[in-house]
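Asker: can't give you the sequence, but here's the structure:
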């Protein structure tokens, strides 16, 4: 609709492009101010006239030349050109889009590739609640970009290399056994890792032993690599159990170790391009002119480090996938790391470095306390998810004891509640986990929206509606409450595109909450099933299309919606 209106307006604006006008059009906060509004203040500087005069002239021009099938009225209010649409035509337009679910789909992105690097838990460390953020944010962005037509490559860049594995091997040999690890899995690995850090404070020689074992790994020592691979197998088994609960999949599980044999070629290229410098025995790329610390490539003992492995991964991905963008969804604390890696890639002469994007997010805390593996103060993701499912089952049993498939629905509600609570927050903000907020059936929560969807499905079952009959009298939906709900449906396309542009799933989460709120007002204020026939038919179509968009939007968040609750 913005495109339609901008085509009408641009005929009377010299020196402005259609896209510029489209970007200026906005939806007013209140319906009485119009369906769309053009603030003329942004036009004033270029046209050299006051916003009021510009708006008045545009109103006069458009009054004489507007399509009454699209626009019913135009007003000039204090420099704002307020546009009132032809309601019946607009409802038809939105209904057709919503029914075909073409909203948000753009074929201009078809077959363009986006690589996404997210989740990336560390081997031998349990998947804790902090890992949920990268996983659910990444999964949602994957779904959003896929909807827009992109081909998305989902990469789980496992933390499966580094000196921490030297520490773990030393800890295993000193304080554990094969039987204990086989029996307790990651819990045992975590116990001895925490123990190592405590003991190493008192006995610095343990750190030297750890460095020695990691050096053996890098040199291909059979025993070291055998223990490392075993730890990796145990970890992946537990990670995949959590991913199954979240309904999350990946195209590739490729950890840091995969890029080890690609680091020497990186070092050679950096040398050839005159970028590699020696500093205290280590090799670096100097980034001083960018006011950044140096990008460390190899340590003094010749071993690789995060920077070099990530740079090798970037070069590999560009060559293999020829990506349009490569996105990294990691914590805010890694901002400098990725800034160094991207800048070093740029220094190598690769202009596509601007296609590398770090998407940071804030911390998760429980009762305000930061989670840390090193100290052992952690909350396991699996435990949180199972507790959410358990609590959901109890709530559902209290509210609807006769409901079939309570276990399956409780899983949808519990897991969905965790995901929505995370994604409703802007990703850069820290999240304080609260059960009361997570599992509320009111307000901005996953269960509230799932319940709204189930309510809409119940209305449709009672109205014997399986598929929308679009041959209705849309004039039955021009009352304020119904029309507001139609306008909420109309925002979906913009919200999908905005979420993609800003790398921000909260745009979708907040949109679908607003849509659910608007629907519940419609449900309470408008008689649906007992209304006169033509009104009932029209309102049932509105219910049908609303539940369709709710389900689609929740799917973009990675949340399933039960048909009954």
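Answerer: That came in fine, so what should we check first? As the structure is a prediction and not an experimental result, all values here were calculated from the model. Residues are numbered from 1 along each chain as shown.
Asker: distance from the chain centre to stretch 130-150, please.
Answerer: From the chain centre to the centre of stretch 130-150 is a distance of 4 Å (CA atoms, centre = their mean, to the nearest Å).
Asker: if you count neighbours, what's buried in it?
Answerer: By neighbour count with 16 or more other CB atoms under 10 Å, stretch 130-150 contains the buried residues 130-145, 147-148, 150. Using the backbone N, CA and C atoms, a C-beta is placed for each residue, glycine as well.
Asker: which ones among those map onto strands?
Answerer: Judged by DSSP state E, strands contain none of these.
Asker: output the below-cut-off pLDDT ranges for the stretch 1-150 of the chain.
Answerer: Residue ranges of the stretch 1-150 of the chain with pLDDT under 70: 101-108.
Asker: what ranges does it have for its helices?
Answerer: Listed in chain order, the helices of the stretch 1-150 of the chain (DSSP state H, counting those that start in this stretch) span 2-10, 18-24, 41-47, 51-63, 87-100, 129-147.
Asker: deepest-packed of the ones you listed, please.
Answerer: Of all the helices of the stretch 1-150 of the chain, helix 129-147 has the most neighbours on average by mean count of other CB atoms under 10 Å, namely a mean of 24.
Asker: relative to helix 129-147, how tilted is the helix or strand just after that helix?
Answerer: Next in sequence after helix 129-147, counting helices and strands by DSSP states H and E, comes strand 151-156. Counting by axes from the mean of the first three to the mean of the last three CA atoms, to 10 degrees, strand 151-156 lies at 170 degrees to helix 129-147.
Asker: elements contacting strand 151-156?
Answerer: strand 113-117, helix 129-147, strand 252-253, helix 306-321 (3 or more CB pairs under 8 Å, 6 or more residues apart in numbering; DSSP states H and E).
Asker: give the residue spans of the stretch 301-450 of the chain that score low on pLDDT.
Answerer: For the stretch 301-450 of the chain (pLDDT under 70), the answer is 366-378.
Asker: which parts of it are strands?
Answerer: Counting by DSSP state E, counting those that start in this stretch, the stretch 301-450 of the chain has strands at residues 325-331, 356-361, 364-366, 369-370, 431-433.
Asker: could you chop this protein up by domain?
Answerer: Following automatic domain parsing, one finds the domains of the chain at 2-85, 118-370, 381-556.
Asker: nearest to residue 98, out of these?
Answerer: Closest to residue 98 of the domains of the chain, according to CB to CB: domain 381-556, at 4.3 Å.
Asker: for the closest one, how far is the first residue from the last?
Answerer: 21 Å (CA to CA, to the nearest Å).
Asker: can you check stretch 6-26 too?
Answerer: Terminal residues of stretch 6-26 lie 11 Å apart, using CA to CA.
Asker: got the contact list for that stretch?
Answerer: With contact meaning CB atoms under 8 Å, 6 or more residues apart in numbering, stretch 6-26 is reached by 2-3, 5, 36-39, 42-43, 46-47, 57-58, 61-62, 65-67, 70-71, 81.
Asker: what do you get for stretch 410-421?
Answerer: Outside stretch 410-421, the residues that reach it (CB under 8 Å, 6+ apart) are 132, 136, 245-247, 384-385, 388-393, 395-396, 431, 433, 437-439, 445-447, 449-450, 509, 554, 557-562, 565.
Asker: from those, keep the buried residues only.
Answerer: Buried, going by 16+ other CB under 10 Å: 132, 136, 245-246, 384-385, 388-389, 391-393, 395-396, 431, 433, 438-439, 445-447, 449-450, 509, 554, 557-562, 565, out of the contacts of stretch 410-421.
Asker: between the two ends of stretch 245-254, what distance do you get?
Answerer: 21 Å.
Asker: any buried residues in it, and which?
Answerer: Buried-residue list, stretch 245-254, by 16+ other CB under 10 Å: 245-246, 248, 250, 253-254.
Asker: average pLDDT for it?
Answerer: The pLDDT scores in stretch 245-254 average 96.
Asker: ok now it, how far from the chain's centre?
Answerer: 15 Å.
Asker: Serialize the helices of the stretch 1-150 of the chain to TSV and add fields for distance to residue 314.
Answerer: What follows is the helices of the stretch 1-150 of the chain, written out as TSV (distance: least, CB to CB, whole Å):
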stretch	distance to residue 314
helix 2-10	37
helix 18-24	32
helix 41-47	39
helix 51-63	47
helix 87-100	38
helix 129-147	17
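Asker: if we can go back for a sec, mind checking which of the contacts of stretch 410-421 are in helices?
Answerer: Residues of the contacts of stretch 410-421 located in helices (DSSP state H): 132, 136, 245-246, 384-385, 388-393, 395-396, 437-438, 446-447, 449-450, 509, 554.
Asker: on that earlier part again, the buried residues of stretch 245-254: which two are farthest apart?
Answerer: Every pair of the buried residues of stretch 245-254 checked by CB to CB; the farthest is 245 and 254, at 22.6 Å.
Asker: so which bits of the strand or helix carrying residue 461 are buried?
Answerer: According to DSSP H and E, residue 461 maps onto helix 446-462. Applying a neighbour-count criterion of 16+ other CB under 10 Å, one finds 446-457, 459-460 buried in helix 446-462.
Asker: repeat for stretch 175-189
Answerer: 176, 180-181, 185-186, 188-189.
Asker: tell me how far the ends of stretch 36-43 are from each other?
Answerer: Taking CA to CA as the criterion, the two ends of stretch 36-43 lie 17 Å apart.
Asker: do the same with stretch 70-84
Answerer: Separation of the first and last residues of stretch 70-84 by CA to CA is 9 Å.
Asker: got the contact list for it?
Answerer: 4-5, 8-9, 28, 33-41, 44, 50-52, 54-56, 58-59, 62-63, 66, 85-87, 89-90.
Asker: quick check, nearest of the buried residues of stretch 245-254 to residue 338?
Answerer: The nearest member of the buried residues of stretch 245-254 to residue 338, counting by CB to CB, is residue 254 at 17.8 Å.
Asker: quick one: residue 208 is in a strand?
Answerer: No. The assignment for residue 208, made by DSSP: H, G, I helix; E, B strand; the rest coil, is helix rather than a strand.
Asker: check the gap between it and residue 172 for me.
Answerer: 17 Å (CB to CB, to the nearest Å).
Asker: same check on residue 151?
Answerer: 42 Å.
Asker: more neighbours: these two, which one.
Answerer: residue 172 (23 against 16; other CB atoms under 10 Å).
Asker: tell me the secondary structure at the more buried one.
Answerer: helix.
Asker: didn't it look like it was pressed against residue 181?
Answerer: Yes. Here residue 172 reaches residue 181: they are 7.1 Å apart, a contact under CB atoms under 8 Å.
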